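Engineer: Below is the sequence, then the predicted model.
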Amino acid sequence: MKLSGYAFLESLLMFGVRPGLDTTQTLCDALNSPQESFETIHVVGTNGKGSTSYYLSLILSAHGKKTGLYTSPHLVSLRERLRIGNIPVSEMELNEALLEVQQAAIQTKITPTYFEALTVAAFLICRNKKIDVLVAEAGLGGKFDATAIAQGKMTVLTSIGLEHTAVLGYTLEAILGEKLGIMKKKSKLVHFPIPEHLRQEFEKQKKIIEFQEVPNYSFPCPSLKNKGIHYKENAKLALSAAQNFLEESFKKEIAENALKNVFWPGRMQLLYDKQGNLKFILDGAHNSHAITRLAETLNTEFPNQKFPTLLGVLQDKDLKEMLNILQNHILKYYPVRTPYERFRNTETMTQEILNLGFMAENAGMISRELLYQIANENKTPILITGSLYLIGACIEFLKEDFDDLTFFRGMKLENNEKH
């Protein structure tokens with residue numbers, strides 16, 4: 001039987017995404033503005049938001065700041081989305097906060113979306129926990145994302161690419177403008193260098209707000225378990241953000257030690273069995289920018305090696321582009337899906353892959369049995385990619401077998417919002 005707060009949240013799945021701040025602001029006002037009880041660092045961008053947010057939260061925690069981390073979507077459980085000191089919120093805490101949001105919604109006679117309700121619940125828990133700072137990953141865009149209600153004095157920009165164009169705009173300039181719209185007056189912006197033509201968007205923002213561009217972090221990058229240069233870049237960005245947030249209290253050694261051998265799950269994550277054999281490579285790359293990064297990492301970490309690949313892709317993604325980017329790294333595709341209705345039909349996808357000249361064998365619905373069947377049929381590690389939703393389902397099936405997935409033990413697989 002579902003807890004009533006969770007049931008309320010699931011009832012909101014039908015409403016999808018609704019950009020705008022009025023509903024979130026009204027709910028927060030009714031709940032005595034929980035978002036004003038702590039500092040907030042906003043993290044925006046096309047890719048890399050989750051890992052950058054995670055690394056930043058670890059650095060702040062290591063410096064003695066009671067730090068909250070709010071990210072989306074989750075891989076397995078809702079509890080992943082809000083962590084205090086890297087400990088996921090409990091089921092009861094989340095349920096009670098959601099019930100408070102439900103009462104506020106009844107009182108104000110408004111119906112929030114799934115993400116709006118969950119964001120306000122996260123603010124409530126952070127206030128109850130008396131945190132010092134919340135690292136908040138924007139769910140979609142920035143300017144009209146529910147997390148924008150929090151008054152952050154620092155924004156971290158990870159990367160810019162074409163995504164959710166119907167909502168955010170059809171040019172990089174428009175998308176960057178939407179993401180920078182989350183910034184508040186006199187806030188700092190931490191970012192890596194971007195193309196000169198996009199810097200014009202910074203100038204436009206200066207007409208409204210004051211911000212400080214911060215140079216790249218210059219210290220050596222720490223050792224990370226996430227493979228790929230982009231994760232080292234994200235770690236450097238997090239280090240730079242922490243340095244500028246903490247100012248004189250920032251300690252280089254503490255910051256770098258906080259990031260030694262840590263990993264952001266499901267993103268270029270290597271799973272080894274108890275005999276030390278690499279069995280699975282998990283990477284939730286789901287757009288051309290992320291798939292390109294995956295291909296670069298495979299080329300660097302596994303030169304001249306090709307992988308049997310479980311591929312699950314949502315209907316709105318460019319399958320042909322994904323295949324072309326990965327073509328030098330794939331031995332054979334096994335199209336799969338989860339029960340989530342937005343996944344491509346695997347039979348159709350198999351035929352599309354074959355028509356483009358690549359090898360494929362329809363695998364159908366993902367399951368634990370299927371994962372190990374394909375692993376046993378192949379002598380090389382299995383690459384799993386194309387969707388974070390697919391990665392989450394696979395983690396649910398594999399979490400008891402691999403030590404690097406112990407974080408997810410005791411959690412149950414739960415729905416994500418539709419976006």
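Structural biologist: That came through, no problem. Please read all numbers here as calculations on a predicted model, not as lab measurements.

Engineer: Figure out how far stretch 361-376 is from the centre of its chain.
Structural biologist: Relative to its chain's centre, stretch 361-376 lies at 26 Å (C-alpha atoms, centre = their mean, to the nearest Å).

Engineer: can you list the residues that contact that stretch?
Structural biologist: The contact list for stretch 361-376, computed with C-beta atoms under 8 Å, 6 or more residues apart in numbering, reads 279-280, 308, 310, 312, 332-339, 346-347, 349-350, 382, 390, 393-394, 397-398. Every residue, glycine included, has its C-beta placed from N, CA and C.

Engineer: remind me, longest strand of the chain?
Structural biologist: Criterion DSSP state E: the longest strand present in the chain is strand 330-337.

Engineer: buried residues in that one?
Structural biologist: 330, 333-337 (16 or more other C-beta atoms under 10 Å).

Engineer: Next secondary structure element downstream of it?
Structural biologist: Where DSSP states H and E defines the elements, the next helix or strand beyond strand 330-337 is helix 346-355.

Engineer: Any regions of the stretch 151-300 of the chain where pLDDT drops low?
Structural biologist: The stretch 151-300 of the chain contains residues with pLDDT under 70 at 161-170, 174, 203, 205-222.

Engineer: ranges for the helices of it?
Structural biologist: Per DSSP state H, counting those that start in this stretch, the stretch 151-300 of the chain carries helices over the ranges 165-168, 172-180, 196-206, 229-246, 252-258, 288-301.

Engineer: Let me know which of those is the nearest to residue 124.
Structural biologist: helix 229-246 (23.6 Å; C-beta to C-beta).

Engineer: just how off-centre is the longest strand of the chain within its chain?
Structural biologist: That offset, for strand 330-337, works out to 24 Å (C-alpha atoms, centre = their mean).

Engineer: Quick one: work out the angle between it and helix 288-301.
Structural biologist: Strand 330-337 runs at 140 degrees relative to helix 288-301, counting by axes from the mean of the first three to the mean of the last three C-alpha atoms, to 10 degrees.

Engineer: Quick check: closest non-adjacent residue to the residue nearest the centre of the chain.
Structural biologist: Using C-alpha atoms, centre = their mean, the residue of the chain that lies closest to the mean C-alpha position is residue 50, 3.8 Å off. Nearest residue to residue 50, sequence neighbours excluded (C-beta to C-beta, 6 or more residues apart in numbering): residue 71, at 5.1 Å.

Engineer: ok, now which ones touch the one you found?
Structural biologist: Residue 71 neighbours (C-beta under 8 Å, 6+ apart): 49-50, 53-54, 80-81, 137.
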